[in-house]
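[1] Quick one: sequence and predicted model below, then my questions.
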Amino acid sequence: MKDLRSYASLVDLLDQAMARHRDRTACLSFGHATTYGQLDALASQWAHWLVSLGLPAQSRVAIMLPNVTASLVALLGTLRAGLVVVNVNPLYTARELATQLRDSESQVIVVFEAFAHTLAQLPLRDQPRHQVVVRAGDLLPRFKSGLINFVAHYVKRGIKPWRLPKSCLFTQVLENGRVYERSGQGRQIQQEQGAPRLPRLQASDLAFIQYTGGTTGEPRGAMLTHANLVANILQVGEVAHPAIGHLLDRPLTMFTALPLYHVFAMTVCALYSLHAGMRIVLVTNARDLDTLVKTWKANPPEIFPGVNTLFNALLRHDGFRKLDFSSLRLTLGGGMAVHQSVAEQWQELTGRPVIQGYGMSETSPVISACQTDSTRFTGSVGRPLPGTGIQVLDGDRHPVAMGEVGEIAVRGPQVMAGYWRASQATLECMTADGFFLTGDLGFVDQQGCITLVDRKKDMVLVSGFNVYPAEIDAVFAEHPDVLECAAVGFPDAQSGEAIKLFVVPRVAEVDKASLARWSEHRLTPYKRPREFVLVDSLPKNAVGKTLRRILRQMYD
């Protein structure tokens, strides 16, 4: 693996990639190609606009976008401006968005027009001072841009940007940034004679606050530094080399259906791909399988990262089964466990095994991966990445014997700096010798491969996304007909797991339909309970804590 000291920061690594691959296609969105040189220029304009705002160093910028070219521009430009990226799920409800914006104290938000209504619902005190709206047709040729915006406004009824009083348009911001860049009006960060107007960054500077539940069950912002991301990009490159290293002298296609606000896609599909000079095919809505299949047919990929839910859905799609998979070299599975049956069907159809990996937001995210030149699916999550140490610990944080199950702990250059403004939570998840406690239970075999068997906490994985029962409980505890409630996860063929909510009613009869409606404007769809079970009481321990484990056993 290349020495981490080869790059002063993540921006340095990406700037070198932009220069090295300047004439290659960096990304494809709505059928329109953007070269590395063009992406570099757009990111520079966004960065100069941010710098012109006069924000303090390390201020947070919330990016609430689907997979479009603007999401890459905003991500790269924010980093280049010396600010911190806060990835936000565009499907968040107003409550969820307000919580994340308050905690991160984001000063800027860039939001997709179709989701701007969520931001508009927030009290003004919770809205970032600077708001930028991206339209669906932005950064596309004029005719295509106008057509897509027409459809967004009048067919799909996207919200008009002027419904946000403090907002401005992304295209206008980029033009302002271009003017600042050319005229030298950008804020002078470095005071030395002849220093660049954009800041000089160090490896220890904060790059991302990536929100996760951590190991505490409470949403936390994992602080990822420039050094963390550089390390994980280089580690991923080392692991990918056996499968695609001999092909990197030409542009490879990274098919990106996973959302870039998710840490798996952010690092693997965006940052690693740019470093390696790949063409990133952006799929805006992975649920639209017909469009996804058409995009795949027009742009056959060499690399396809996915999750079990997506693999399973594609295997059932008639159009996908008819595609030519001869170009496919590497299928990566992450975010959640890939089911054996799904992996076997995938290999039978495509001729390629699913290469499973393991990671967390707190580890930038990749911890381990199977050999990328493997010929079959093993069910394990492979060996630790280069430079990564693994321990399997018992309840007293002592190492267990090889093959015994314990909590997976990890140490390496990709492990976060800590949780944002949560020093106690950071202390609780770290051992005295610097290992991060993942909260996952598993074992390591004689070959050094990790197999995960369960989760230590009650966290539920729905389609690869963390769902925390305490949050679901808090939402439904406010329902007037609910006395007590407890959420648990249960196996689901489509999403891996889904939420079941056990409710002790306050009244004789509770309408389950009203419970379902209660969550519609309070929880993102993947967090909403799939099933409601009415019970007389909840099992509790001596101090009154609900025993979710007993609920799972009783109603399995």
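    Arrived safely, thanks for sending.
[2] where does the stretch 401-550 of the chain dip in pLDDT?
    454, 541-545 (pLDDT under 70).
[3] Do a quick rundown of the strands in it.
    406-411, 418-419, 436-444, 450-455, 460-462, 465-467, 482-492, 496-505, 531-534 (DSSP state E, counting those that start in this stretch).
[4] roughly how far is the helix or strand hosting Gln210 from the heart of the chain?
    Gln210 belongs to strand 206-212 when assigned by DSSP states H and E. Computed by Cα atoms, centre = their mean, to the nearest Å, the chain-centroid distance of strand 206-212 equals 10 Å.
[5] Quick one: residues contacting Tyr358.
    Residues near Tyr358 by Cβ atoms under 8 Å, 6 or more residues apart in numbering: Gly334, Val366, Ile367, Ser368, Ala369, Val381, Gly382, Ile450, Leu452. In short, each C-beta sits where N, CA and C put it, glycine included.
[6] Now, of these, which are buried?
    Among these, those classed as buried by 16 or more other Cβ atoms under 10 Å are Gly334, Val366, Ile367, Ser368, Ala369, Val381, Gly382, Ile450, Leu452.
[7] Report the angle between the longest helix along the chain and strand 206-212.
    Longest helix in the chain, counting residues (DSSP state H): helix 226-244. Put simply, helix 226-244 runs at 80 degrees to strand 206-212, going by axes from the mean of the first three to the mean of the last three Cα atoms, to 10 degrees.
[8] continuing past helix 226-244, what's the next helix or strand?
    strand 253-256.
[9] that's a helix at Gln58, yeah?
    No: assessed with DSSP: H, G, I helix; E, B strand; the rest coil, Gln58 is coil; it does not lie in a helix.
[10] Distance of it relative to Asp103?
    15 Å (Cβ to Cβ, to the nearest Å).
[11] Then Leu83?
    17 Å.
[12] Of the two, which one has the most company?
    Leu83 (27 against 18; other Cβ atoms under 10 Å).
[13] wait, the more buried one sits on Gln58?
    Yes: with contacts counted by Cβ atoms under 8 Å, Leu83 reaches Gln58, the gap being 6.8 Å.
[14] So for the one helix or strand Trp46 maps to, what gets flagged as buried?
    Assessed by DSSP H and E, Trp46 sits inside helix 36-52. Across helix 36-52, burial judged by 16+ other Cβ under 10 Å covers 36, 38-52.
[15] average pLDDT across that helix?
    Throughout helix 36-52, pLDDT has a mean value of 97.
[16] OK, contacts around the residue lying closest to Tyr358 once chain neighbours are set aside?
    Excluding the flanking residues, the one nearest Tyr358 by Cβ to Cβ, 6 or more residues apart in numbering is Val381, at 3.6 Å. Contact analysis of Val381 by Cβ under 8 Å, 6+ apart lists Gln356, Gly357, Tyr358, Ile367, Ser368, Ala369, Cys370, Gly442, Cys449, Ile450, Thr451, Leu452.
[17] how does it look with 6 Å?
    Shown in contact with Val381 (Cβ atoms under 6 Å, 6 or more residues apart in numbering): Gln356, Tyr358, Ser368, Ile450.
[18] Who are the contact partners of Met430?
    Applying Cβ under 6 Å, 6+ apart to Met430 gives the contacts Phe436.
[19] that older thread, contact partners of the helix holding Trp46?
    Surrounding helix 36-52, the residues in contact under the criterion Cβ under 6 Å, 6+ apart are 18, 21-22, 24, 26, 73, 76-77, 80-81, 173-174, 176-178, 180-181, 186-187, 198.
[20] Give me the buried entries from the residues you listed.
    18, 21, 24, 26, 73, 76-77, 80-81, 173-174, 176-178, 180-181, 186-187, 198.
[21] any idea how far Pro353 is from the spatially most central residue of the chain?
    A centroid search over the chain (Cα atoms, centre = their mean) returns His262, at 0.8 Å, as the residue closest to the centre. Computed as Cβ to Cβ, the His262 to Pro353 distance reads 23 Å.
[22] Tell me if Ala62 really is in a helix.
    No: under three-state DSSP, Ala62 falls outside any helix and is assigned strand.
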